[in-house]
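Peer 1: Next one to model:
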Amino acid sequence: MTMLTRRSTLGALCAFFLAPATYAQDMPVYYTTEGVALAGYDAVSYFDSSTPIIGMPENSVMWKGARWHFTSQENRELFESNPRAFAPQFGGYCSYAMAMGVLKSTDPKAWKVVDGRLYLTHSMEIEEVWQLDQAEYIEMAEQNWPAVLYRE
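Peer 2: Numbering: from 1, shown residues only. Below you'll find the predicted structure:
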């Protein structure tokens, strides 16, 4: 990853917070793209490979109002046996935004596993900012989740 300059960091943060907000009553508990969690990426692949892998619709399961795709039946069965172990934290919404008390969509390629938990962010730029103090941001986000879903 490249180092962020002060200007690019400020620009990314301004764009992030000035973008229109979507209210929680229109959002599922798990952030989806057209009803599919993680934009179709296999949740298990975040834990067993160095990069997330797109799953296949024929290896999918419904959980918490979203369809989850997997690369194999084995991964689907692993997920089904303990979905909370593989599902992203904070309903798949941006972990950094959650720390700030707002809902924001995520880029499934902007991610990190910390202490066995999957965290997603809105973009690679926000991911870099989040990693500067991820322990503090995680703690702040945990205080806001899930109440932020019900704020207007």
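Peer 1: Only C-alpha atoms from now on, for both contacts and neighbour counts.
Peer 2: Fine.
Peer 1: Would you map the helices across the chain?
Peer 2: Shown for the chain, the helices assigned by DSSP state H span residues 6-18, 45-48, 73-81, 83-86, 95-99, 124-132, 134-144.
Peer 1: Out of these, which one sits most buried?
Peer 2: Comparing the helices of the chain by mean neighbour count (mean count of other C-alpha atoms under 10 Å), helix 95-99 ranks first with a mean of 26.
Peer 1: So for that one, mean pLDDT?
Peer 2: For helix 95-99, mean pLDDT rounds to 98.
Peer 1: Does anything pack onto that helix? Which helices or strands?
Peer 2: Secondary-structure packing of helix 95-99 (3 or more C-alpha pairs under 8 Å, 6 or more residues apart in numbering; DSSP states H and E): strand 117-121, helix 124-132, helix 134-144.
Peer 1: Give me the distance between that helix and the centre of its chain.
Peer 2: Offset of helix 95-99 from its chain centre (C-alpha atoms, centre = their mean, to the nearest Å): 10 Å.
Peer 1: tell me the domain ranges of the protein?
Peer 2: Per the record's domain assignment (automatic domain parsing), the chain is made up of the domains 1-26+88-152, 31-86.
Peer 1: Compare those domains and say which comes out lowest on pLDDT.
Peer 2: domain 1-26+88-152 (a mean of 83).
Peer 1: how far out from the middle of the chain is that one?
Peer 2: On C-alpha atoms, centre = their mean, the centre of domain 1-26+88-152 falls 8 Å from that of its chain.
Peer 1: Check stretch 81-93 too.
Peer 2: Relative to its parent chain, stretch 81-93 has a centroid offset of 9 Å by C-alpha atoms, centre = their mean.
Peer 1: how long is it end to end?
Peer 2: Distance between the boundary residues of stretch 81-93 (C-alpha to C-alpha, to the nearest Å) amounts to 23 Å.
Peer 1: Could you pull out the buried residues of stretch 112-120?
Peer 2: Neighbour counts over stretch 112-120 (16 or more other C-alpha atoms under 10 Å) mark 112, 118-120 as buried.
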